[in-house]
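Visitor: Have a look; sequence and predicted model below, questions after that.
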Amino acid sequence: MRAADVQSEITEVLVTEEQILAKLEEVAAQVAVDYAGKELLLVGVLKGAVMVMADFSRALPGEVTMDWMAVSSYGTGTRSSGVVQIRKDLDTDLHDKHVLIVEDIIDSGLTLSWLLTNFASRGAASVEVFALLRKPDAAKVHVDCRYVGFEIPNEFVVGYGLDYAEKYRNLRDVAILAPHVYS
Ligand code: 5GP
Ligand code: MG
Ligand code: MG
């Protein structure tokens with residue numbers, strides 16, 4: 001493990017761990033009301049949503065099931081390619097399920113819009129989205145996202161599951177990555 005010199009690699013903390021956890025409690029309370037009496041399947045999008053899923057699912061009061069999907073649209077760069085590939089599909093049959101997709105961030109919206117189209121043909125009773133972060137200024141396509149944690153400026157961020165070249169996922173806060181790291 002490299003000695004932590006992370007301070008020089010981020011320019012600004014945008015959302016602290018404390019703010020994230022408080023927001024997850026808030027969203028979980030709303031989801032508990034909205035899905036009262038229904039069976040909820042959380043679908044996490046690997047790998048960025050791992051931290052959100054871990055904390056959000058435990059903030060939910062009731063019983064939920066969980067599944068994961070891995071798609072790629074980014075490679076190791078910082079721009080969305082718009083080309084989405086399934087790397088790992090769901091293990092669960094979505095038929096008649098109430099699905100809540102759990103995402104780390106909506107940037108261009110291309111990945112989620114592709115996923116929503118993909119899910120539409122699988123016979124779910126409902127499909128909604130919870131994204132912890134959204135960059136409104138980066139949107140290329142509109143995504144119907146029922147629950148949003150924080151709207152952030154159009155900057156490349158890392159931490160709380162979000163990576164750059166697989167690094168920084170374990171940072172507790174969400175921070176802007178210093179451009180010198182990737183340029
Ligand atoms: P999209 O542009 O398709 O909405 O974003 C696709 C995926 O790219 C997101 O789910 C996320 O994993 C990754 N991504 C988008 N913006 C950022 C960012 O600012 N930082 C990091 N680390 N990943 C991002
Ligand atoms: Mg993601
Ligand atoms: Mg990534």
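Guide: Thanks, I have the structure now. Residues are numbered from 1 along each chain as shown. Ligands and ions are numbered 1, 2, ... in the order given.
Visitor: so who does the spatially closest residue to G82 that is not a sequence neighbour touch?
Guide: Nearest non-adjacent residue to G82, counting by C-beta to C-beta, 6 or more residues apart in numbering: L110, 4.7 Å away. Heads up, the C-betas are built off the backbone N, CA and C, glycines and all. L110 makes contact with 73, 80, 82, 84, 140-141, according to C-beta atoms under 8 Å, 6 or more residues apart in numbering.
Visitor: Out of the residues you listed, which sit inside strands?
Guide: Among those, no member is found in strands (DSSP state E).
Visitor: So which bits of the helix ranked longest in the chain are buried?
Guide: For the chain, the helix reaching the highest residue count under DSSP state H is reported as helix 17-34. Using 16 or more other C-beta atoms under 10 Å as the test for burial, helix 17-34 gives 17, 20, 23-24, 27-28, 31.
Visitor: Could you pick out the residues of the protein near ligand 2 for me?
Guide: Selection of the chain residues close to ligand 2 by C-beta under 5 Å from the ion yields 45, 48, 104.
Visitor: Looking at those residues, which are in strands?
Guide: 45, 104.
Visitor: will you turn the residues of the chain next to ligand 2 into CSV that also has neighbour count?
Guide: Below are the residues of the chain next to ligand 2 laid out as CSV (neighbours: other C-beta atoms under 10 Å):
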residue, neighbour count
V45, 23
G48, 21
D104, 26
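Visitor: so how many other residues sit close to the residue nearest to S126 when sequence neighbours are not counted?
Guide: Spatial nearest neighbour of S126, excluding adjacent residues (C-beta to C-beta, 6+ apart): H98 at 4.9 Å. Other residues within reach of H98, judged by other C-beta atoms under 10 Å, total 17.
Visitor: List the contacts of H98.
Guide: Residues near H98 by C-beta under 8 Å, 6+ apart: 35, 38-41, 124-126.
Visitor: That one and K47, how far apart?
Guide: Per C-beta to C-beta, to the nearest Å, H98 is found 24 Å from K47.
Visitor: Likewise for V181?
Guide: 19 Å.
Visitor: so who does I152 touch?
Guide: I152 is in contact with 14-15, 133-135, 174, counting by C-beta under 8 Å, 6+ apart.
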